[in-house]
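K.L.:
next comes the sequence, and after it the predicted model I'd like to discuss.
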Amino acid sequence: MPKDNQDIKQIKELIEIMKENDLVEVNIEHGDNKLCLKRASAHAMTGMPFMGMPMPPQSINGSAQGVSDSASAADDGLIDIPSPIVGTFYEAPSPDSNHYVEIGTHVSPSSVVCIIEAMKVMNEIKAEVSGTIARILVSNGQAVEFGQPLFKVKPN
Amino acid sequence: MPKDNQDIKQIKELIEIMKENDLVEVNIEHGDNKLCLKRASAHAMTGMPFMGMPMPPQSINGSAQGVSDSASAADDGLIDIPSPIVGTFYEAPSPDSNHYVEIGTHVSPSSVVCIIEAMKVMNEIKAEVSGTIARILVSNGQAVEFGQPLFKVKPN
Amino acid sequence: MLSRVLVANRGEIALRVIRACRELGIETVAVHSKADSAFPYLDLADETVCIGPADCAQSYLNIPRIISAAEVTDAEAIHPGYGFLAENIEFAQICRDCGILFIGPSVEAMQLLSDKVEARKAAMRAKVPVVPGSEGTMDSVEEALKLAEKIGYPVIVKAVAGGGGRGMRVAHNDISLRNGYTAAKAEAQAAFGNGTVYLEKFIEEPRHVEVQVMADNHGHAVHFYERDCSVQRRHQKMIEESPCPVLDQETRIKLCDAALRLIREAKYSSAATVEFLLDKNKNYYFIEANTRIQVEHPVSEMVTGQDLIKWQLKIAGGQAIDITQDDIKLNGVAIECRINAEDPSNNFAPCPGPIDQYMPPGGFGVRVDTHLHQGAKISPHYDSMIAKVIVHQPTRKEAIATMQRALREFKIGPIKTTIPACQDILSHNLFVKGEIDTGFIDRTF
Amino acid sequence: MLSRVLVANRGEIALRVIRACRELGIETVAVHSKADSAFPYLDLADETVCIGPADCAQSYLNIPRIISAAEVTDAEAIHPGYGFLAENIEFAQICRDCGILFIGPSVEAMQLLSDKVEARKAAMRAKVPVVPGSEGTMDSVEEALKLAEKIGYPVIVKAVAGGGGRGMRVAHNDISLRNGYTAAKAEAQAAFGNGTVYLEKFIEEPRHVEVQVMADNHGHAVHFYERDCSVQRRHQKMIEESPCPVLDQETRIKLCDAALRLIREAKYSSAATVEFLLDKNKNYYFIEANTRIQVEHPVSEMVTGQDLIKWQLKIAGGQAIDITQDDIKLNGVAIECRINAEDPSNNFAPCPGPIDQYMPPGGFGVRVDTHLHQGAKISPHYDSMIAKVIVHQPTRKEAIATMQRALREFKIGPIKTTIPACQDILSHNLFVKGEIDTGFIDRTF
């Protein structure tokens, strides 16, 4: 069904990308052209749609949100800023101060985006990416775990 | 659905890619053309060459020979005559008698091909198929289990 | 000691017997139907024989095929497990005729105890309390009405050949007794080919308490205390425990001694269970004896530390019971939950199918008896009981807590199992307090 | 009683602690690295916190992250398991400073017993026999030579901060002592950042026998008898058992009482193990105390029926030990085999990887402690011990038979494990007779 060898080559390339990134499914549509690739899940964590499988452990904020390896592009082209430590998230240096960032704030890799308090120490968290804050995923005073996405950034 | 051999070749190539990369599903659409390939998941059932899997239980004659469901055509076009009971196989009604069948003997469904002794009872076993005895799989006095192939018959 | 035993059963009890044999250095022959040929427990036997197709009548219940399998594999003895041929007197007789040792009691002891009327007479001879009722069978409804008047309503009509609740009717007055007598007789005739019935006083809200006993061929008999099996759904046991939580030590010893008296009266050897009803005033009445090892034997093993299957094998091999009753201590509390492939949310409909997810519980105080594994397939041809979880702790409260955490850990999917039903029972106030009777489940859930 | 405990460990011991908490009704917080996030045992905790990447230094050994996880989840106490931070005095101190209960001994008791020279002094104060040797550290080779002359060769040089066989040298004469002294010092400096050494009489072909003790904060201390851990490969324990097969009851009681005296001397609370060498004449010498629960604690649990982790939790919650020494009976024999993801046919090289086949053993007398399941992945980042099989039987002979059949049933693939190595040991004539010492494995296999 692939039109030509060009397609096969592209599929192979896509599979490599899937493997590297632990993707289990890719769907691509260009007008009438559609491509869907699914891999057998490596193991439980890749989330086969299987009712009997163990649920992913409850994360500390109670959401099912996964933990991304690092700032990485997701479906929507946005990049996560993950928490590098366990602690309590604060959006401002003190209750009276302005928030470090709001939706629409432009950040550079060295911009401080929030504070995470761990063992009474206030840790300034840097963006590590360039772009515009698109979404704030946690709320002030919330506990966050290692790797938990804090912000979504639209890269420029 | 494949238009020509070119398509078949590409599908085969895709299947190879799926196997190599552990894909379980591929869907491709080009306009009205759709292709969907699905494999059984990468689990035990697909017969991976995996040393740790439990071995099939030892059959009573010590061979690894499987048990076939019923008289059925195998790869070689021959049909098995399986043992319908557990017992001891005898090729003749008594030690001095002629064998019921030899290689090359023509049998009809009602031909007696051997005796299986179970609980001191001599059970005459019928061929249940028509054809020529091509192979004798067990030896005189051997214990046989239910479903164990006794003869291979070349059907006519 | 035996050297080679054929295991004439399947699933967890076949594995249980194979394990005991292996620990004693006895070789095993496992027979199996074609439906069971992929189960890994067969690899643990020294030899396997396929005896027939999935259908029990042509495999596990087929006497000639099993005897023949024993003959061709040169097995000297057959362990029947429970169910299938375990209480089939004809099978035991054929084994004897063929010179194969049946691991169980003598044919004579089986005959005596499997006939409920004869067993009742034996109990009376042994001064074991029985439920007030007919000395023998009830051959007319008039006879039944006369006896009911004498012992007082409610009464129960029971089939001599009965079991599993079939061929039984309770009556609270003359009219219901007339109807019940006829119905029980007809049902028993249809189910067992024997319409003979007898009549007893109906014990209201009893507990089901049974004593595990073991006797050898040298005149020794010991008991392994009692099990309480009152958690029954439609006469099917779901949860068993040892000891019985409401029994005081004095009554316990009397009860267990009564069971031993009956076993001696029957000149019994091997494992047996003597079943009693326990009424609210702690009176116990013999109801029947089971001449086999039972599903729930592990709870007695846990509280006594004694391997009952090993004892069966040793006794069959001619060994004497070389421990005394005093050596058998009742230590702590054990509970067993039967895990069935049934859907509790759909009236316990059987749920055969493949097991894609399987994680058994483990850790302190937890024993699992099962032939399951991830990738196994539950066949619709056989009993739905697929696993037993047994826990052992110093106290009943701790045992319940351990069972709760074990059941929470036990993952079997996607088939439905009775795990949620067991969890519900374990959480129920009356179960926790131990204030239940055999009607508890059917009344409550 | 505690209400919410953070489990600062991974794998089987994390699951072990979670199980005990659940049975006591204590909520649990499980921390985990990213490499461990798929393990189903995390589902059994009430809450989970990812604390860092696979690398231990950034996760399970990272004190700020673990303390922070306890703070954000409002855990009142931390159970450290074994390994990782379990014997880290700084961690225990930080827990105290942060108002979080460290489930283990006080910082002071840890300090005393973790310093081998101080621990030895405490033992001598408590009249616990110690190996003849230096009263304090050996600060020069001349001092060592002089002492060796006094107590007689062979002698052993040991690092104060040592463990796992590092920083140790045996000497049979002056020349080898000179070399060994220098080598041990250098090795200890490199491995532990502390080159201080001491010298002892070298006990030839000793057994490793250790006593399990437990003390509360109300002055009660009890022992749970001894374990024999002489089956060691390069100082790593492989098989442990209780009781020690060569100890008579009189020596046993003396040994256990000695351990209790040391524990009282150290004003200890929580679980501890007091380790002894047992020579051929049944003389025992204190060598060190471990201020944590140990890998092999289940054998003591099986022979006593007591859940040691539950005791740790109850004691940490302020409860007194409400059983007496007489309540703790030594019942039968328990053996544990450690199952490591290592290839015995390739010099025990670690074998991480996915587990495609997994079938644990079960049945009478078998306990399995593991976080494994079919589909799990063994990470190269952590210890290779992946499961423990523990058996319990009335006699040692039966326990060995049960372990043999359990190991035969245990299927883990395709990764290699130490199961075949354990089977070889269990089959060895000297192990079966119990005639082994700590050099048995290295000499024999």
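P.N.:
Happy to help now that I have it.

K.L.:
use CA for all of it now, contacts and neighbours both
P.N.:
Fine.

K.L.:
next up, the contacts around the closest residue to chain B within the stretch 301-445 of chain C.
P.N.:
Nearest residue of the stretch 301-445 of chain C to chain B: C:G375, at 7.8 Å (Cα to the nearest Cα). Listed by Cα atoms under 8 Å, 6 or more residues apart in numbering or on different chains, the contact partners of C:G375 are B:A44, C:P354, C:I355, C:D356, C:Q357.

K.L.:
distance from stretch C:11-31 to the middle of the chain?
P.N.:
Stretch C:11-31 sits 19 Å away from the centroid of its parent chain (Cα atoms, centre = their mean, to the nearest Å).

K.L.:
who wins on neighbours among the contacts of C:G375?
P.N.:
C:Q357 (22 neighbours; other Cα atoms under 10 Å in any protein chain shown).

K.L.:
any idea what it is bridged to?
P.N.:
C:G413 (DSSP bridges).

K.L.:
isn't it right up against C:G413?
P.N.:
Yes: if you go by Cα atoms under 8 Å, C:Q357 and C:G413 touch, sitting 4.9 Å apart.

K.L.:
just the closest residue of the stretch 101-250 of chain C to chain A, please.
P.N.:
Using Cα to the nearest Cα, the single residue of the stretch 101-250 of chain C nearest to chain A is C:M238, 23.6 Å away.

K.L.:
near chain A, which residues of the stretch 301-445 of chain C?
P.N.:
C:D356, C:Q357, C:K411, C:I412, C:G413, C:P414 (Cα under 8 Å from any Cα of the partner chain).

K.L.:
what does the pLDDT read for the second one?
P.N.:
Spelled out, that is C:Q357. Model confidence at C:Q357, expressed as pLDDT, equals 95.

K.L.:
pull the number of nearby residues for the residue of the stretch 101-250 of chain C closest to chain A.
P.N.:
Here the number of neighbours of C:M238 (other Cα under 10 Å) works out to 23.

K.L.:
over to C:C351?
P.N.:
A total of 19 residues lie near C:C351 under the criterion other Cα under 10 Å.

K.L.:
repeat that for A:Q142.
P.N.:
14.

K.L.:
on that earlier part again, can you put the contacts of C:G375 in JSON lines and add distance to C:D257?
P.N.:
Shown next, in JSON lines, are the contacts of C:G375 (distance: Cα to Cα, whole Å):
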{"residue": "B:A44", "distance to C:D257": "53"}
{"residue": "C:P354", "distance to C:D257": "46"}
{"residue": "C:I355", "distance to C:D257": "45"}
{"residue": "C:D356", "distance to C:D257": "48"}
{"residue": "C:Q357", "distance to C:D257": "46"}
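
K.L.:
please identify which pair of the residues of the stretch 301-445 of chain C next to chain A lies farthest apart.
P.N.:
Across these, the longest distance by Cα to Cα is 10.1 Å; it joins C:D356 and C:K411.

K.L.:
show me chain C divided up by domain.
P.N.:
Chain C breaks down by automatic domain parsing into domains covering C:4-103, C:132-201, C:207-444.

K.L.:
for the ones you listed, which one sits closest to D:L177?
P.N.:
domain C:207-444 (46.4 Å).

K.L.:
that older thread, mind checking which of the domains of chain C is nearest B:I17?
P.N.:
The closest of those to B:I17 is domain C:207-444. By Cα to Cα, the value is 25.9 Å.

K.L.:
quick one: the strands in the stretch 301-445 of chain C?
P.N.:
In the stretch 301-445 of chain C, the strands defined using DSSP state E, counting those that start in this stretch lie at C:333-340, C:342-343, C:349-350, C:353-354, C:357-359, C:366-370, C:377-378, C:385-393, C:411-413.

K.L.:
so the residue of the stretch 1-150 of chain C found nearest chain D is in which element?
P.N.:
The minimum distance from the stretch 1-150 of chain C to chain D, using Cα to the nearest Cα, falls at C:E23 (5.1 Å). Assigned by DSSP states H and E, C:E23 falls within helix C:11-24.

K.L.:
so is the helix or strand following that helix next to chain B?
P.N.:
Counting by DSSP H and E, the next helix or strand C-terminal to helix C:11-24 is strand C:27-33. No: using Cα under 8 Å from any Cα, strand C:27-33 never reaches chain B; the gap is at least 8.6 Å.

K.L.:
tell me which residues in stretch A:136-151 are buried?
P.N.:
A:I136, A:V138, A:A143, A:V144, A:E145, A:F146, A:G147, A:Q148, A:P149, A:L150, A:F151 (16 or more other Cα atoms under 10 Å in any protein chain shown).

K.L.:
within range of chain B, give me the residues from the stretch 1-150 of chain C.
P.N.:
When proximity is defined by Cα under 8 Å from any Cα, the stretch 1-150 of chain C lies next to chain B at C:37-38, C:40, C:42-43, C:47-52, C:64-65, C:67-69, C:71-73.

K.L.:
give me the nearest residue to C:S59, chain neighbours excluded.
P.N.:
Among residues not flanking C:S59 along the chain, C:G52 sits closest, at 4.6 Å (Cα to Cα, 6 or more residues apart in numbering or on different chains).

K.L.:
separation between that neighbour and B:G87?
P.N.:
Computed as Cα to Cα, to the nearest Å, the C:G52 to B:G87 distance reads 12 Å.

K.L.:
also C:G434?
P.N.:
According to Cα to Cα, C:G434 and B:G87 sit 53 Å apart.

K.L.:
the more surrounded of the two?
P.N.:
B:G87 (33 against 14).

K.L.:
OK, contacts around C:A258?
P.N.:
C:A258 neighbours (Cα under 8 Å, 6+ apart): C:A126, C:K127, C:V128.

K.L.:
would it count as being in a strand?
P.N.:
No: counting by DSSP: H, G, I helix; E, B strand; the rest coil, C:A258 is not part of a strand but helix.

K.L.:
following element in sequence after the worst-scoring helix or strand of chain C on mean pLDDT, please.
P.N.:
Within chain C, confidence by mean pLDDT, DSSP states H and E is lowest for strand C:155-163 among all helices and strands, at a mean of 86. Sequence-wise, the next helix or strand downstream of strand C:155-163 (DSSP H and E) is strand C:166-171.

K.L.:
helices or strands up against that next one?
P.N.:
strand C:155-163, helix C:174-192 (3 or more Cα pairs under 8 Å, 6 or more residues apart in numbering or on different chains; DSSP states H and E).
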